[in-house]
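[1] this is a predicted model, with the sequence first.
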Amino acid sequence: MNANNNYSAIREPSIYQIDLFAHEAALPNTSGCRDRLVQLLGGDLDYRGYDTSYASHDFHAFPAKFPPPLPDRFIRGLTAPGDVVLDPMMGSGTTVVEAFLAQRRCIGTDIDPLALLIARVKTTPLEIDALRQQLHHIVESANRRVETQAANILASVRGRWDEKTAEFVNYWFATETQVELAALLLEIEAIDVPAIRDFFMLAFSACIITKSGGVSLAFDLAHTRPHRAKVAFTASGRKILGDEYDDNDSPRIKFLTKNVRSAIIEFYKRATQNIQSLSELPAVEYPVLLHLADAQDLPVESETVDLIVTSPPYAVNAIDYMRANKFSLVWLGYTLDQLGETRKMCIGGESLANFAFEALPPRTTNIVRTISAVDPKRGKALHRYYSEMTRILREMHRVLKPDRAAVVVVASSEIRQIDTQTHTCLAEIGVTLGFETPSIGVRRIDRNKRMMPAGHVVNGESQIQRRMHEEYVIGFYKPA
């Protein structure tokens with residue numbers, strides 16, 4: 001459980017919250033959970049043009065987030081205040097935040113330590129004035145450290161890293177940036193109150209992992225495929241990378257040129273924005289339970305959950321979350337080897353050593369065999385993915401109460417130009433485990449928001465682009 005109850009403050013509901021309750025009241029009633037689920041899946045699930053930056057949703061960039069109105073639709077349509085809502089693969093915590101805003105009891109699990117930090121901070125109301133005062137202290141003290149103790153603070157932080165991790169940091173972060181980040185880190189670590197320390201640690205991470213810019217030498221970390229700049233300049237205009245290039249080089253080199261921003265300034269801007277967004281959180285009604293745990297073995301008692309809303313990763317590691325998240329996690333005390341072990345555990349990974357495969361139902365088995373015939377290694381990786389999802393769906397069925405629903409948002413992938421048909425396979429697997437799948441909704445997605453960029457020109461031959469236009473919202477119903 002997080003520390004919400006220690007730092008809550010009574011606030012008036014925001015305009016957004018009032019609108020949501022009006023939306024909830026406007027939804028028509030049906031005779032039961034199953035019928036209600038079908039009705040909700042039959043509506044418009046695209047949510048294009050909706051504001052998705054309200055409350056704490058914009059605290060930290062994260063790849064492949066679904067829009068907050070999507071889980072909100074099912075939370076308010078299928079549960080009542082006080083009911084238990086679970087997201088076993090919570091990622092950036094969108095479902096957890098929506099359940100929190102709707103005054104439901106929420107449980108979230110993930111194996112990614114950054115996901116746990118994000119969800120914890122997003123659901124912890126804090127005193128706004130105290131945060132502002134703390135922010136000014138952090139920035140003033142960090143600037144003072146940079147001016148007077150640059151070599152010492154950098155040495156103290158570098159001493160925490162093993163050789164492999166230090167090489168990674170030196171490759172991706174300019175020395176000037178490392179000094180500023182080290183100064184910020186030491187100030188944040190000195191904060192006595194854990195919830196406040198977590199708040200600023202998340203802002204620290206958010207100024208590293210961004211959709212554009214950021215303080216590292218990488219481009220576009222939020223979409224998980226970092227590329228190092230060829231040419232880089234400091235905030236003061238000094239060239240620190242790419243001496244072999246000059247102004248007459250090709251436009252391609254100019255495109256790969258980066259002006260590295262001041263870490264302290266970016267941290268201040270991000271923390272200020274997050275403090276403002278935090279003011280929209282309501283007072284805590286129910287505790288939030290967050291666990292660093294595997295969705296295949298949930299720390300949740302059987303038949304205690306009223307609703308599950310989740311979005312599992314793509315098959316066969318199509319989005320490598322840890323590849324981007326490690327840029328900030330190495331600063332938060334994790335080594336590359338530790339993060340590599342976590343990556344091996346991620347759903348949809350390709351590591352097959354000592355893996356326990358599950359027997360799959362006929363349609364899913366046929367798809368795995370078809371892909372294995374043209375690419376045996378990736379066929380086995382797909383078998384791993386559907387085995388993991390079998391165990392996850394089994395756990396979801398176990399913890400869900402009878403006459404309740406689970407909503408799973410997935411997108412299909414292509415392997416060797418063969419569709420993995422993720423939604424139909426997961427639906428088939430769910431039925432073998434005791435679920436009914438009365439309906440599967442379809443939502444069109446903004447590919448540049450949901451997935452990693454694939455270029456501005458639509459290319460019908462691109463495997464990445466072909467799988468990025470729609471998602472499937474599977475409704476699993478557990479019969480009474």
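    Yep, that arrived.
[2] give me the nearest residue to residue 437, chain neighbours excluded.
    Spatial nearest neighbour of residue 437, chain neighbours left out: residue 427 (4.3 Å); criterion: C-beta to C-beta, 6 or more residues apart in numbering. Where C-beta positions appear, they are placed from N, C-alpha and C, glycine not excepted.
[3] give the buried residues for the helix or strand hosting the one you found.
    For residue 427, the host element (DSSP states H and E) is helix 422-432. Neighbour counts over helix 422-432 (16 or more other C-beta atoms under 10 Å) mark 422-430 as buried.
[4] one more: stretch 351-364?
    Residues of stretch 351-364 classed as buried by neighbour count (16+ other C-beta under 10 Å): 360-361, 364.
[5] can you tell me which of the residues you listed are in helices?
    residue 364 (DSSP state H).
[6] residue 97 and residue 61, how far apart?
    15 Å (C-beta to C-beta, to the nearest Å).
[7] who's more crowded, those two?
    residue 97 (28 against 21; other C-beta atoms under 10 Å).
[8] could you dump the buried residues of helix 422-432 to a markdown table with distance to residue 245 and pLDDT?
    A markdown table is the format used below for those (distance: C-beta to C-beta, whole Å; pLDDT from 0 to 100):
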| residue | distance to residue 245 | pLDDT |
| --- | --- | --- |
| 422 | 43 | 93 |
| 423 | 47 | 95 |
| 424 | 50 | 95 |
| 425 | 48 | 96 |
| 426 | 48 | 97 |
| 427 | 52 | 97 |
| 428 | 54 | 97 |
| 429 | 52 | 98 |
| 430 | 54 | 98 |
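[9] give the other helices and strands that the helix or strand containing residue 472 contacts.
    Residue 472 belongs to strand 470-478 when elements are defined using DSSP H and E. Packing partners of strand 470-478 (3 or more C-beta pairs under 8 Å, 6 or more residues apart in numbering; DSSP states H and E): helix 33-41, helix 376-399, strand 400-410, helix 422-432, strand 436-444.
[10] can you lay out those as CSV showing distance to residue 156?
    Compiled in CSV, these are given as follows (distance: least, C-beta to C-beta, whole Å):
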stretch, distance to residue 156
helix 33-41, 53
helix 376-399, 41
strand 400-410, 44
helix 422-432, 47
strand 436-444, 49
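[11] helices of the stretch 51-200 of the chain, residue ranges please.
    69-78, 94-101, 113-122, 128-158, 163-172, 175-189, 194-206 (DSSP state H, counting those that start in this stretch).
[12] same check, this time on the stretch 251-400 of the chain
    With helices called from DSSP H, counting those that start in this stretch, the stretch 251-400 of the chain shows them at 251-255, 263-278, 321-329, 336-345, 362-374, 376-399.
[13] for residue 220, grab phi and psi.
    The phi/psi pair for residue 220 (degrees, to the nearest 10) reads phi 60, psi 50.
[14] just checking, it touches residue 226?
    Yes: look at residue 220 against residue 226 with C-beta atoms under 8 Å: they come within range, at 7.0 Å.
[15] coming back round to it: just name the most buried of the helices of the stretch 51-200 of the chain.
    Most buried of these, by mean neighbour count (mean count of other C-beta atoms under 10 Å): helix 94-101, with a mean of 29.
[16] between helix 69-78 and that one, find me the angle.
    50 degrees (axes from the mean of the first three to the mean of the last three C-alpha atoms, to 10 degrees).
[17] by contact count, what packs against helix 94-101?
    Packing partners of helix 94-101 (3+ C-beta pairs under 8 Å, 6+ apart): helix 69-78, strand 84-87, strand 105-110, helix 113-122, strand 288-292.
[18] hmm, who's touching that helix?
    The contact list for helix 94-101 (C-beta atoms under 8 Å, 6 or more residues apart in numbering) reads 17, 20, 55-57, 65-68, 71-72, 75, 85, 87, 90, 105-106, 108, 119, 122-123, 281-282, 288, 290, 309-310.
[19] how far does that helix sit from the chain's center?
    13 Å (C-alpha atoms, centre = their mean, to the nearest Å).
[20] try stretch 80-89
    Centre-to-centre, stretch 80-89 and its host chain are 18 Å apart (C-alpha atoms, centre = their mean).
[21] same question for stretch 271-284.
    19 Å.
[22] stretch 94-104 now?
    Distance, stretch centre to chain centre, for stretch 94-104: 15 Å (C-alpha atoms, centre = their mean).
[23] what is the mean pLDDT for it?
    Taken as a whole, stretch 94-104 carries a mean pLDDT of 96.
[24] with only the CA atoms kept, save that stretch in PDB.
    What follows is stretch 94-104, C-alpha atoms only, in PDB (Å, rounded to 0.1, in the frame of the first residue of the first chain):
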ATOM      1  CA  THR A  94      -3.800   4.700 -16.300                       C
ATOM      2  CA  THR A  95      -6.400   2.300 -15.000                       C
ATOM      3  CA  VAL A  96      -5.200   2.700 -11.400                       C
ATOM      4  CA  VAL A  97      -5.500   6.500 -11.700                       C
ATOM      5  CA  GLU A  98      -9.000   6.300 -13.200                       C
ATOM      6  CA  ALA A  99     -10.100   3.900 -10.500                       C
ATOM      7  CA  PHE A 100      -8.600   6.200  -7.900                       C
ATOM      8  CA  LEU A 101     -10.500   9.200  -9.400                       C
ATOM      9  CA  ALA A 102     -13.700   7.200  -9.400                       C
ATOM     10  CA  GLN A 103     -13.300   6.300  -5.700                       C
ATOM     11  CA  ARG A 104     -12.900   2.600  -6.300                       C
END
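[25] what separation do you get for residue 185 and residue 54?
    Note on residue 185: its distance to residue 54, by C-beta to C-beta, is 30 Å.
[26] so where's the stretch 351-480 of the chain shaky on pLDDT?
    For the stretch 351-480 of the chain, the stretches flagged by pLDDT under 70 are 446-468.
[27] and residue 343, what does it touch?
    320, 322-323, 349.
[28] if you set the cut-off to 7 Å instead, what comes out?
    Residue 343 makes contact with 322, 349 under the criterion C-beta atoms under 7 Å, 6 or more residues apart in numbering.
[29] any figure for the gap between it and residue 324?
    11 Å.
[30] check residue 8 and give its pLDDT.
    Residue 8 carries a pLDDT score of 28 in this model.
[31] about what we covered before: check contacts around the residue nearest to residue 437.
    Taking C-beta under 7 Å, 6+ apart, we find residue 427 in contact with 437, 440, 474.
[32] can you report how many residues neighbour the last one?
    Residue neighbour count, defined by other C-beta under 10 Å, stands at 22 for residue 474.
[33] quick revisit: which one, of the helices of the stretch 251-400 of the chain, ends up nearest to residue 165?
    Residue 165 lies closest to helix 336-345 among the helices of the stretch 251-400 of the chain, at 4.9 Å (C-beta to C-beta).
[34] CA atoms of that closest one as PDB?
    What follows is helix 336-345, C-alpha atoms only, in PDB (Å, rounded to 0.1, in the frame of the first residue of the first chain):
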ATOM      1  CA  LEU A 336      22.200  -2.700 -16.300                       C
ATOM      2  CA  ASP A 337      22.500  -6.400 -15.300                       C
ATOM      3  CA  GLN A 338      19.600  -6.000 -12.900                       C
ATOM      4  CA  LEU A 339      17.500  -4.400 -15.500                       C
ATOM      5  CA  GLY A 340      18.500  -7.000 -18.000                       C
ATOM      6  CA  GLU A 341      17.200  -9.700 -15.700                       C
ATOM      7  CA  THR A 342      13.900  -7.800 -15.400                       C
ATOM      8  CA  ARG A 343      13.700  -7.500 -19.200                       C
ATOM      9  CA  LYS A 344      14.000 -11.300 -19.500                       C
ATOM     10  CA  MET A 345      10.900 -11.600 -17.300                       C
END
